[in-house]
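Participant: need a 3D model of the following:
(2 chains)
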Amino acid sequence: MNSIAVDRADKRIGQVWALKNISLEIPSGEIFGVFGRSGSGKSTLLKLIAGLNQPTAGTVVLQSSGSDDPAWLDSQVSIAFQTPGLAPELTVIENLRLFSSLWNTRRKGKMGRTAMFLELLGLSNVRNRRVCKLSDGHKCAAELARAFISDARITAIDGLIERLDHPTRRKTWEYILARKRQGSTFIIATSSAKEALLCDKLAVLSQGRLVFAGKPGELLSAVQNEVVVVESIHGPLINSKLRDRFGAAVTERNGTIEIKSPDADSDAAWVLSELKSDVGCVYLRQPTLDDALDRIEGS
Amino acid sequence: MSRTVVLAYWEFVRLLRSRKTVFAALAVPVAGVAVCVSHLGRGNLALRCFFPAAAVLFTWLLLYVRSLTDRSSGFSAGIDSTPAAGAVSFIARLLIALVIILVQIAVFYAAIRIIN
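Facilitator: Prediction:
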């Protein structure tokens, strides 16, 4: 059984502190999420955990009851990168054969396992296509297959699952949950609130600092307010009218205007009565981890 | 050892799939032969100095450029994340370099023999 302890880790890249004073414990057999915006330090943290980079200060320790042999410990963490670590000139199946051999996965059943991952990740039809000719989604799937085929006890995934198509994403999560039941640990860096919600525990990073560590439910409970969502073709006009009424509670996201409100029902009713002619659609939604992150970063 | 051989094998396959690299590698012994049969290459100077230097320089340049492209494509990171990182990767590249130089020498001497 393995667990990972990160103790007061700093990482400086050039003149920028990519990580500052990060301390966290990742127990074995859990799906641990690293959640944050782009540039918050998620990838850097994953590379520290995978042993690809060394912290500028502090320590990252893989604690194991299996062995203290560094070579053995090296073989316990596999990582799937945002930019696939595959040979572009080789086909998908050749890449999997190469990495399977490098990980020294048992020869018996190797072909079966390769076929299983090709099927799982929707790559069967492109197995003989060179990686440089693959679509972005297939490249992500192939990179995940590369990480999964290692059979390592700890798998780190850097922002890939959200880039898969829906059926492949669902199957990938099913596989992750099955492996978790067998005691494997997954560390998933994501900027997607939906993916983060599926993790057992979360570390939330903001500008290289750890701003929250705990269960996703605990993070959600920090946001009490419901959200009124307003869709309109008169975006700027509506936005200014809503700002006059609700002030800083109004934000714009993905082309819609949102009002975080302690009394969402009456605010939605006000919008409908006062701005009826300008508004296309008004609805209420529960707060998400994105709202929680907004709140944390805002404060 | 087996990891080194596996990595070297697939590196070689990658090399063969890059037409530009194959043509460039073959151009070195062809240039060597041209120097040998031309005025410049009279005597054994070309045989002793030009061709070996060109072969080693080409191979070094090829592997250097390859390491840069592998870094930008992400393949280097993929290899570094496996237990084959470090010495295994380095020895595999040395093996590849050796193979490229041997192939160039073979082509060079075959061409010289044909001309003579």
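
Participant: residues contacting the residue lying closest to A:Lys47 once chain neighbours are set aside?
Facilitator: Nearest non-adjacent residue to A:Lys47, counting by Cβ to Cβ, 6 or more residues apart in numbering or on different chains: A:Asn53, 4.5 Å away. Every residue, glycine included, has its C-beta placed from N, CA and C. Neighbour list for A:Asn53: A:Lys11, A:Thr44, A:Lys47 [criterion: Cβ atoms under 8 Å, 6 or more residues apart in numbering or on different chains].

Participant: same check, this time on B:Phe51
Facilitator: Counting by Cβ under 8 Å, 6+ apart, B:Phe51 has contacts B:Val28, B:Pro29, B:Gly32, B:Val35, B:Cys36, B:Phe108.

Participant: let's verify the residue nearest to A:Lys47: helix, strand, or coil?
Facilitator: coil (DSSP: H, G, I helix; E, B strand; the rest coil).

Participant: neighbour count and distance to chain A added to the contacts of B:Phe51, as JSON lines?
Facilitator: Compiled in JSON lines, the contacts of B:Phe51 are given as follows (neighbours: other Cβ atoms under 10 Å in any protein chain shown; distance: Cβ to the nearest Cβ, whole Å):
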{"residue": "B:Val28", "neighbour count": "23", "distance to chain A": "21"}
{"residue": "B:Pro29", "neighbour count": "23", "distance to chain A": "24"}
{"residue": "B:Gly32", "neighbour count": "25", "distance to chain A": "27"}
{"residue": "B:Val35", "neighbour count": "19", "distance to chain A": "32"}
{"residue": "B:Cys36", "neighbour count": "22", "distance to chain A": "33"}
{"residue": "B:Phe108", "neighbour count": "22", "distance to chain A": "26"}
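
Participant: hmm, A:Val227 is touching A:Lys260, no?
Facilitator: Yes. At 5.5 Å, A:Val227 counts as touching A:Lys260 under the criterion of Cβ atoms under 8 Å.

Participant: which non-adjacent residue is nearest residue 30?
Facilitator: Looking at chain A here, since you left the chain open. That would be A:Asp200: by Cβ to Cβ, 6+ apart, it lies 4.5 Å from A:Glu30.

Participant: other chain: chain B
Facilitator: B:Ala111 is the one closest to B:Val30 (Cβ to Cβ, 6+ apart), at 7.0 Å.

Participant: ok, now B:Ala85?
Facilitator: B:Ala85's closest residue in space is B:Ile79 (Cβ to Cβ, 6+ apart), at 6.2 Å.

Participant: element containing that neighbour?
Facilitator: helix B:75-80 (DSSP states H and E).

Participant: centroid-nearest residue for chain B?
Facilitator: With distances taken as Cα atoms, centre = their mean, B:Ile100 lies nearest the centre of chain B, 3.3 Å away.

Participant: give the contact list for that residue.
Facilitator: B:Leu15, B:Ala25, B:Phe58, B:Thr59, B:Leu62.

Participant: the fourth one contacts B:Ile101, doesn't it?
Facilitator: Yes. Applying Cβ under 8 Å, one finds B:Thr59 in contact with B:Ile101, separated by 5.5 Å.

Participant: picking up where we left off before, mind listing which of the contacts of B:Ile100 are in helices?
Facilitator: B:Leu15, B:Ala25, B:Phe58, B:Thr59, B:Leu62 (DSSP state H).

Participant: by neighbours, which of these wins?
Facilitator: B:Ala25 (21 neighbours; other Cβ atoms under 10 Å in any protein chain shown).

Participant: check that residue and give its pLDDT.
Facilitator: On the pLDDT scale, B:Ala25 is placed at 85.

Participant: what of A:Lys47?
Facilitator: We note a pLDDT of 91 for A:Lys47 in this prediction.

Participant: so which elements touch the stretch of helix or strand it belongs to?
Facilitator: According to DSSP H and E, A:Lys47 maps onto helix A:42-49. For helix A:42-49, the packing partners by 3 or more Cβ pairs under 8 Å, 6 or more residues apart in numbering or on different chains; DSSP states H and E come out as strand A:2-13, strand A:16-26, strand A:31-36, strand A:77-80, strand A:154-158, strand A:185-190, strand A:201-206.

Participant: okay, now the sheet partners of the last one, with direction.
Facilitator: Sheet partners assigned to strand A:201-206 using DSSP bridges are listed as strand A:31-36 (parallel), strand A:209-214 (antiparallel).

Participant: based on its surroundings, how many neighbours for A:Arg253?
Facilitator: 12.

Participant: which bits of the stretch 51-200 of chain A sit near chain B?
Facilitator: Taking Cβ under 8 Å from any Cβ of the partner chain as the contact definition, the stretch 51-200 of chain A meets chain B at A:52, A:71, A:74-75, A:77-79, A:81, A:83-90, A:94, A:98-99, A:101-104, A:130, A:146, A:150.

Participant: coming back round to it: distance of the residue nearest to A:Lys47 relative to A:Ala9?
Facilitator: Distance, A:Asn53 to A:Ala9, by Cβ to Cβ, to the nearest Å: 10 Å.

Participant: same deal with A:Ala87?
Facilitator: On the measure of Cβ to Cβ, A:Ala87 and A:Ala9 end up 31 Å apart.

Participant: ditto for A:Thr91
Facilitator: 38 Å.

Participant: of these two, who's got more company?
Facilitator: A:Ala9 (24 against 20).

Participant: and for A:Arg285, nearest residue in space, chain neighbours not counted?
Facilitator: A:Arg285 sits nearest to A:Val227 (Cβ to Cβ, 6+ apart), 5.2 Å away.

Participant: confirm that neighbour sits in a helix?
Facilitator: No. In this structure, A:Val227 is strand, not part of a helix, as judged by three-state DSSP.

Participant: just to revisit the earlier point, please produce JSON lines containing the strands paired with strand A:201-206, extended by mean pLDDT.
Facilitator: Shown next, in JSON lines, are the strands paired with strand A:201-206 (pLDDT from 0 to 100):
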{"stretch": "strand A:31-36", "mean pLDDT": "94"}
{"stretch": "strand A:209-214", "mean pLDDT": "91"}
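
Participant: what sits against the residue nearest to A:Arg285?
Facilitator: Residues near A:Val227 by Cβ under 8 Å, 6+ apart: A:Glu258, A:Ile259, A:Lys260, A:Ser261, A:Ala264, A:Leu284, A:Arg285, A:Gln286, A:Pro287, A:Asp291.

Participant: for the fourth one, what are its contacts?
Facilitator: When you say that, I think you mean A:Ser261. A:Asn225, A:Glu226, A:Val227, A:Val228, A:Phe246, A:Ala249, A:Asp267.
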